[in-house]
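S.K.: Structural data only, the sequence is not supplied:
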């Protein structure tokens, strides 16, 4: 069984095995996919999958493919976020963005190809058919027109407008929170959790997702490109709607604390008798992260 201290090492190793290097005709596409998938990162989403599964007593080794599938979706979203037609970013995780290295068309296709690969990975895992389908459905619902893509669309519509806190929450609950919620729900579903537990886990994910985005908005103002591995100050330059603009630093910090405490409270209510220390610890670490 994978030990919790080995989770990130196992995630990275499995991801590396998912897209082998070869000399076949599609190798250029594969290299583009590998470039972003293996660029590092905190691996928060697959960690949440494994931690929720482990909390309910499931062997993380069995759930590892599902956790990595979620990271594939996250990577696709980053590749597309960085494209010239979206945020037009040139730096991600301390490296040139995918389209800068491989070109806009190949980068777009790399993101496209990572999506079906994620579902293939879930449906090829050792989970029972019922649990695998449950996980795939949660992921599909959270990344499409009712989730992550909706968040991106609303974010685009909001450009150049002054948004309310409720409108900003709606964008970020979908753009950032939906995939974090999916990670928590998928980990619970993969371990055979009840509907109440899945819903509670996803509620936890939405709350820490909103806290995560608020922290991102703070770091874009106070951090450096070296610390974050991506360009900073772009929000202000592009006059984007952010929590820092809307609330200011002090209220942002208070909101992060409130959301984190609420998230933990949700878990404590529905996961009584289970060891939820790992997701709680992860939520606490995200609360005060520096990158």
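M.R.: The structure has been received and is ready for your questions. Bear in mind that the values here come from a model prediction, so they are computed numbers and not experimental data.

S.K.: For residue 134, give me phi and psi.
M.R.: phi -60, psi -50 (degrees, to the nearest 10).

S.K.: Would you mind listing where the stretch 101-250 of the chain has pLDDT under the threshold?
M.R.: 226-239 (pLDDT under 70).

S.K.: now the helices for it?
M.R.: Along the stretch 101-250 of the chain, the segments classed as helices by DSSP state H, counting those that start in this stretch run 104-123, 129-143, 148-157, 165-172, 178-190, 195-222, 225-228, 234-237, 243-247, 249-270.

S.K.: buried set for the second one?
M.R.: When burial is assessed from 16 or more other CB atoms under 10 Å, helix 129-143 yields the following buried residues: 131, 132, 134, 135, 136, 138, 139, 140, 142, 143. No exception for glycine: its C-beta is placed from N, CA and C like everyone else's.

S.K.: one step back: just name the most buried of the helices of the stretch 101-250 of the chain.
M.R.: helix 178-190 (a mean of 30; mean count of other CB atoms under 10 Å).

S.K.: mind giving me CSV with the helices of the stretch 101-250 of the chain and columns for distance to residue 282?
M.R.: Listed next are the helices of the stretch 101-250 of the chain as CSV, based on distance: least, CB to CB, whole Å:
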stretch, distance to residue 282
helix 104-123, 22
helix 129-143, 19
helix 148-157, 20
helix 165-172, 19
helix 178-190, 10
helix 195-222, 8
helix 225-228, 19
helix 234-237, 25
helix 243-247, 21
helix 249-270, 10
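
S.K.: Of the ones you listed, which is nearest residue 43?
M.R.: helix 178-190 (10.5 Å; CB to CB).

S.K.: Show me what that closest one is packed against.
M.R.: helix 44-55, helix 60-82, helix 129-143, helix 148-157, helix 195-222 (3 or more CB pairs under 8 Å, 6 or more residues apart in numbering; DSSP states H and E).

S.K.: and the angle from the fourth one to helix 60-82?
M.R.: An angle of 20 degrees separates the directions of helix 148-157 and helix 60-82 when computed by axes from the mean of the first three to the mean of the last three CA atoms, to 10 degrees.

S.K.: And the contacts of helix 148-157?
M.R.: For helix 148-157, the external contacting residues (CB atoms under 8 Å, 6 or more residues apart in numbering) are 77, 81, 86, 142-144, 167, 170-176, 178-179.

S.K.: And it, how far out from the chain middle?
M.R.: Taking the mean C-alpha point of helix 148-157 and that of its whole chain, the gap between them comes to 16 Å (CA atoms, centre = their mean, to the nearest Å).

S.K.: before we move on, what about stretch 48-67?
M.R.: The answer for stretch 48-67 is 16 Å, by CA atoms, centre = their mean.

S.K.: Residue 95 and residue 134, how far apart?
M.R.: In this structure, residue 95 and residue 134 are 35 Å apart, going by CB to CB, to the nearest Å.

S.K.: Residue 151 too?
M.R.: 23 Å.

S.K.: still on that earlier bit, tell me which of the helices of the stretch 101-250 of the chain sits nearest to residue 7.
M.R.: Closest among the helices of the stretch 101-250 of the chain, using CB to CB: helix 178-190, at 11.6 Å.

S.K.: Run the angle between the closest one and helix 195-222 for me.
M.R.: 150 degrees.
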